[in-house]
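Enquirer: Sequence first, then the predicted structure, then my questions.
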Amino acid sequence: MDLPLEISFINLDRSAAVEKVVRQRTEALSRQCERLLKCRVAIEMVGRHHRKGRKYRARIDLKLPGRNIVVGNASESNPTHEDVYVAVRHAFDAARRRVQDFTRRRRGDVKLHEAPPQGRIAKLFPDEGYGFVRLDDGQEIYFHRNAVVGAAFEKLKVGTEVRVSVHEDESDKGPQAGTVRPVGRPRAESAGEAA
C-alpha cells in the first residue's frame, strides 16, 4: 500500500492484530478511492473504570484532494464498543460511506432533484374550498383546500406565490395540484392578470 498511514494508540498498548485490521480496512478504502492521499487512525481506550468496563473510540482522518474527512465514534453511546475491533469496524464503515459520497459528487453522480413548478394563486373560491394556481408558463392548475401544505387554506390570497406538485392524470378535466405550498407573500395582481 502506497498510501501514507499513521496509526496511534491512546491509553492502550500497541496491538499488532489491531494494526493489521486497520491496514486491511485502509487498503480497502484506498481501492475504493484512488484519490486518497493520507490516512491517520487513532484508537483510544476510554473509561478504565472497574465497574463500567473498558470502551474504545476510533477516529479516522482522511486527506483527499480539496477535502478532509474526519470520522469518529463515541464509545459512551454504543455498548458494542467494549470490543476494539467493533469500534474500528464502525469507524471504517462510516469513513467508507463518506468516501463514497465524495466520489459520487466528484463524478457528478449525485441526483439533482428538480424543483416543483412555481406559480401564483390566480383564483380562489373559499366557500367552495378550491382555487386555481397560474404557473409561470401560464397554465392554470386546479387545487382543493386539502392540497394546501404549510399554511391554512383560509390564509391564501390571490397573488400568493406557491410551489405546486402537479398530477396530470388525477382528473378527467385536466391537471390538478397534489400539493400547494406557499413560498411568498401575496402580490397585487394587475388588471390584465386578474380574470
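Expert: Received the coordinates, thanks.
Enquirer: CA only for contacts and neighbour counts going forward, please
Expert: OK.
Enquirer: what's the helix or strand where residue 104 lies in contact with?
Expert: Under the criterion of DSSP states H and E, residue 104 resides in helix 84-107. Contacts with helix 84-107, where a contact means CA atoms under 8 Å, 6 or more residues apart in numbering, come from 18, 21-22, 25, 29, 32-33, 43, 55-60, 69-73, 75, 80-81, 110.
Enquirer: Could I get the buried residue list for the helix or strand that it is followed by?
Expert: Sequence order places strand 118-125 as the next helix or strand after helix 84-107, per DSSP H and E. Within strand 118-125, the residues scored as buried using 16 or more other CA atoms under 10 Å are 118, 119, 120, 121, 122, 123, 124.
Enquirer: Report the secondary structure state of residue 150.
Expert: coil (DSSP: H, G, I helix; E, B strand; the rest coil).
Enquirer: With residue 40 instead?
Expert: strand.
Enquirer: tell me the pLDDT at the residue minimising distance to the centre of the chain?
Expert: With distances taken as CA atoms, centre = their mean, the chain has residue 101 as the residue nearest its mean C-alpha position (10.5 Å). On the pLDDT scale, residue 101 is placed at 84.
Enquirer: all numbers from here: first residue = 708
Expert: With the count now opening at 708, the last piece we talked about shows up as residue 808.
Enquirer: Quick one: low-confidence residue ranges for the chain.
Expert: 708-709, 754-760, 781-787, 816-821, 858, 875-880, 891-902 (pLDDT under 70).
Enquirer: all strands for it, in order.
Expert: Ranges of strands within the chain are 712-717, 745-756, 760-771, 774-779, 825-832, 837-842, 847-851, 868-874, 883-889, based on DSSP state E.
Enquirer: quick one, the second one and strand 774-779 angle?
Expert: Read that as strand 745-756. 20 degrees (axes from the mean of the first three to the mean of the last three CA atoms, to 10 degrees).
Enquirer: likewise the last one?
Expert: Strand 883-889 and strand 774-779 are oriented at 90 degrees to each other (the same axes, to 10 degrees).
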